[in-house]
Every structure is written in structure tokens, then in C-alpha cells.
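>>> kindly generate the corresponding structure for this input.
(one chain, ligands or ions: 2)
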Amino acid sequence: MAGPKPVVLSGPSGAGKSTLLKKLMKEYDSVFGFSVSHTTRNPRPGEETGKDYHFVTRELMQAGIDNGEFVEYAEFSGNMYGTSKAAVQDVQAKNLICILDIDMQGVRNIKQTDLSPIYISIQPPSMAILEKRLRDRKTESEESLQKRLRAAKVDMEFSKEPGVFDVVIVNDNLDDAYDQLKNTLLEEINKVKKTSTSS
Ligand SMILES: Nc1nc2c(ncn2[C@@H]2O[C@H](COP(=O)(O)OP(=O)(O)O)[C@@H](O)[C@H]2O)c(=O)[nH]1
Ligand SMILES: Nc1ncnc2c1ncn2[C@@H]1O[C@H](COP(=O)(O)OP(=O)(O)O)[C@@H](O)[C@H]1O
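Ligands and ions are numbered 1, 2, ... in the order given. Predicted structure coming up:
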């Protein structure tokens, strides 16, 4: 039987996707499950392999791709990122809403699959605010920051293409953005809650 509809969160690096999805998973821990992607980038302090990402070498990731283990993958800011079939299946097997945090190439590629998620774009209020948030996060080198800002410009334009996203949320005030995200997903959340109490 088909489980609940997955959710794709996309948008520029620094727009607030992780912040919003962590809030959502904290409030609804028995409703959502995170699709743990693979990446070749180095872990940041506090990030755990198997929880935030599967941190792997490029060789290992390429072998998995060649072996048909990935739903989609992309190169972003000099590193590889990808969603394995297992990452999605692990969440769906628990009848949870699977959340994917993926870039715009991932969105394009997922559209070619039969996953049929709800597509949500998280956007910053402006480039200047995005840059400030990314700098204040203190996770990026100057080079990585500049690459992310260049990608962000393209992403902001992509989010305006008609028919790509079901909802575009501008993350200015965090609580307001979170309310919008929750409202967008309320119907699916209630469906999962109903099935989990009736079974
Ligand atoms: N296509 C694709 N993009 C991913 C995947 N996992 C993460 N990303 C994207 O890769 C970009 C960089 O992620 P990350 O290095 O964690 O930086 P952050 O978004 O600034 O926290 C973000 O736009 C993510 O949405 C994936 O499995 N596939
Ligand atoms: N509405 C907001 N107002 C101010 N700072 C925010 C807001 N949303 C997120 N942040 C901060 O901005 C930075 C980038 O957010 P993050 O969730 O890491 O973005 P992403 O996952 O999209 O790269 C983080 O340091 C986060 O704490």
C-alpha cells in the first residue's frame, strides 16, 4: 500500500532548511523521518554519520551510484550529494512522512521518478540576509561561502519557475516560516496520525 506522501525541502544553502526540518521533526517525531543522504563533504562539528549524512569517500559514493543504489545525486559546491533508495525505503517502511533536503538538481531529478512528493522551497528574504546567516553560521571557508552564494542566485530564480514548487516559503521570521511549513503539511500530518492510532 502507498504510504504517506514524501516532502522535498529545497532552497539555497543557508536559507534555513535544516533549522525548519529539525523543528518539525522535534514537534512531530512519530510522523516524520529524515532521508539521510550520502555526501563526500567533511562532517561539521556536531554532525554525525548516519544521522545528518552518511559521510563517504567519492570512490564509495561513485560505486554505489554505478550499482544503481541512488534515487538521485548531484554535485554541489565541489562535493557529491545523493539520496539512496535505502534512505527513502527506511523511512517509508516505518510509515512515516519521508523528508528530503535536496538541492535544485535533486528536485529536477526527483521529478523524473515516481516518488511524487510535495515540493517546498525555502527562500531567504534577500541575498544580503542569506550571506549574513551563512557567515554567522561559521561553517564555510570563504571559497565555499562564495560558491554557495553563486548557487543561491540560481536557486532563487529557479524557485520562481511556475509549476516547480507547490509552496515557496520566505524564511524571514523563523516562527512565521515554521507556521507556514506546518500548515502546508497539516493534511499529511493528520493522515499519518490517524493511521498510527487506528492500527
Ligand atoms: N541533490 C541532492 N542535494 C542534496 C542532498 N543532500 C543535501 N543536498 C543539498 O546539498 C546542499 C549543501 O548541503 P550542506 O553541505 O549540508 O550545506 P547546507 O545546506 O548549507 O547546510 C544543500 O542545498 C542541500 O539541500 C542529496 O541527497 N541530493
Ligand atoms: N528565520 C531565521 N532568522 C535568523 N536566522 C536564521 C533563521 N533561520 C535560520 N537561521 C540561521 O541561519 C543559518 C542557516 O540556517 P540552516 O538551517 O543551517 O540553513 P540550510 O539548512 O538551508 O543551509 C543557521 O545558523 C540558522 O541558525
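>>> who in the chain is up against ligand 2?
For the chain, the residues in contact with ligand 2 (Cβ under 6 Å from any ligand atom) are 13-19, 133, 136-137, 171, 173-174, 177. (Glycine included, C-beta is placed from N, CA and C.)
>>> go with 8 Å
11-22, 101, 122, 129, 133-134, 136-137, 139, 171-174, 177 (Cβ under 8 Å from any ligand atom).
>>> among the residues you listed, which are in helices?
Per DSSP state H, helices hold the following members of those: 17-22, 129, 133-134, 136-137, 174, 177.
>>> I'd say Met61 and Arg41 touch.
No. Between Met61 and Arg41 there is no contact under Cβ atoms under 8 Å: 10.8 Å.
>>> which one of those two is surrounded by more residues?
For Met61 versus Arg41, the count of surrounding residues by other Cβ atoms under 10 Å is larger for Met61: 23 against 15.
>>> for the more buried one, phi and psi?
Met61 adopts backbone torsions of phi -70, psi -40, taken as degrees, to the nearest 10.
>>> wait, what's in contact with it?
His38, Thr39, Thr40, Tyr73, Met80, Gly82 (Cβ atoms under 8 Å, 6 or more residues apart in numbering).
>>> could you pull up the residues touching Arg137?
Gly14.
>>> rewinding a little: tell me the buried residues within the residues of the chain next to ligand 2.
Among the residues of the chain next to ligand 2, those buried by neighbour count (16 or more other Cβ atoms under 10 Å) are 11-21, 101, 122, 133-134, 139, 171, 177.
>>> burial count for the residue of the chain found nearest ligand 1?
Using Cβ to the nearest ligand atom, the single residue of the chain nearest to ligand 1 is Gly106, 2.6 Å away. By the criterion of other Cβ under 10 Å, Gly106 has 22 neighbours.
>>> that's a helix at it, yeah?
Yes. Gly106: assigned to a helix according to DSSP: H, G, I helix; E, B strand; the rest coil.
>>> distance of it from Tyr81?
According to Cβ to Cβ, to the nearest Å, Gly106 and Tyr81 sit 7 Å apart.
>>> overlap in contacts of these two?
Tyr73, Ala74.
>>> report the contact partners of the most centrally placed residue in the chain.
Nearest to the mean C-alpha position of the chain, counting by Cα atoms, centre = their mean, stands Asp101 at 0.8 Å. Contact partners of Asp101, counting by Cβ under 8 Å, 6+ apart, are Leu9, Ser10, Lys17, Ser18, Leu21, Phe34, Ser35, Ser37.
>>> per-residue confidence at it?
For Asp101, the model assigns a pLDDT of 98.
>>> next, format the ones in helices among the residues of the chain next to ligand 2 as a markdown table and append distance to Gln112.
Putting these into a markdown table (distance: Cβ to Cβ, whole Å) gives the following:
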| residue | distance to Gln112 |
| --- | --- |
| Lys17 | 22 |
| Ser18 | 25 |
| Thr19 | 29 |
| Leu20 | 26 |
| Leu21 | 24 |
| Lys22 | 29 |
| Ile129 | 33 |
| Arg133 | 32 |
| Leu134 | 30 |
| Asp136 | 36 |
| Arg137 | 32 |
| Leu174 | 33 |
| Ala177 | 29 |
